[in-house]
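J.: Predicted model and sequence follow; I will ask about them next.
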Amino acid sequence: MSQLTDEKNRTDLLNRLKRAEGQLRGIQRMIEEGQPCLDIASQMAAVRKALDSTYVRMTVCFMEQELGNRLGDNAKGRKQLTEVLEEVQTLLGKVR
């Protein structure tokens with residue numbers, strides 16, 4: 001399987017994961033401090049959503065990269081591909 005080569009997309013994905021990592025650390029602190037389970041559960045749900053969103057973004061970036069490589073230098077085709085994949089990302093984001 002291919003790797004993501006676009007540095008902007010890789011940076012975006014890493015930043016999303018770092019935010020989720022920070023949220024997880026916050027949850028650990030909440031548990032250590034004895035915070036209410038409902039509050040902890042809410043934060044866990046937020047982390048899950050962040051990770052799901054990151055996964056969708058990574059998948060769309062991969063699709064854009066691989067399909068774009070197959071289209072070659074067809075600027076109109078790449079623009080249409082980007083538009084369709086943005087819609088796919090929006091649709092997949094509504095799954096959860």
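T.: Looks like it arrived, so ask away.

J.: Could you pick out the longest helix of this protein?
T.: Longest helix of the chain, by residue count under DSSP state H: helix 37-71.

J.: List the contacts of the closest residue to Met58 other than its chain neighbours.
T.: Spatially, and ignoring its direct neighbours in sequence, Met58 is nearest to Leu13 (5.5 Å; C-beta to C-beta, 6 or more residues apart in numbering). C-betas here are computed from N, CA, C, even on glycine. By C-beta atoms under 8 Å, 6 or more residues apart in numbering, the contact set of Leu13 is 4, 54, 57-58, 61.

J.: Nearest to Ala46, out of those: which one, please.
T.: Thr54 (12.7 Å; C-beta to C-beta).

J.: can you pull the contacts of that closest one?
T.: Contacts of Thr54 (C-beta under 8 Å, 6+ apart): 13, 16-17, 20.

J.: and those as TSV, adding pLDDT?
T.: Output for these, formatted as TSV (pLDDT from 0 to 100):
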residue	pLDDT
Leu13	97
Arg16	97
Leu17	97
Ala20	97
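
J.: Which PyMOL command selects the buried ones in the residues you listed?
T.: Below is the selection syntax for PyMOL that covers the buried ones among these, with 16 or more other C-beta atoms under 10 Å defining burial:
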select buried, resi 13+16+20
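
J.: what about Cys37, distance to Gln43?
T.: Between Cys37 and Gln43 the distance, using C-beta to C-beta, to the nearest Å, works out to 11 Å.

J.: the more surrounded of these two?
T.: Neighbour comparison, Cys37 and Gln43: the larger count goes to Gln43, with 16 against 11 (by other C-beta atoms under 10 Å).

J.: distance of the more buried one from Glu7?
T.: The gap separating Gln43 from Glu7 is 31 Å, by C-beta to C-beta.

J.: do Gln28 as well
T.: With distances taken as C-beta to C-beta, Gln28 is found 31 Å from Glu7.

J.: before we move on, what about Gly68?
T.: Distance of Gly68 to Glu7, computed by C-beta to C-beta: 15 Å.

J.: Please identify which helix or strand holds the residue nearest to Met58.
T.: helix 7-33 (DSSP states H and E).

J.: Now do the buried residues in that helix.
T.: 9, 12-13, 16, 20, 23, 27, 30.
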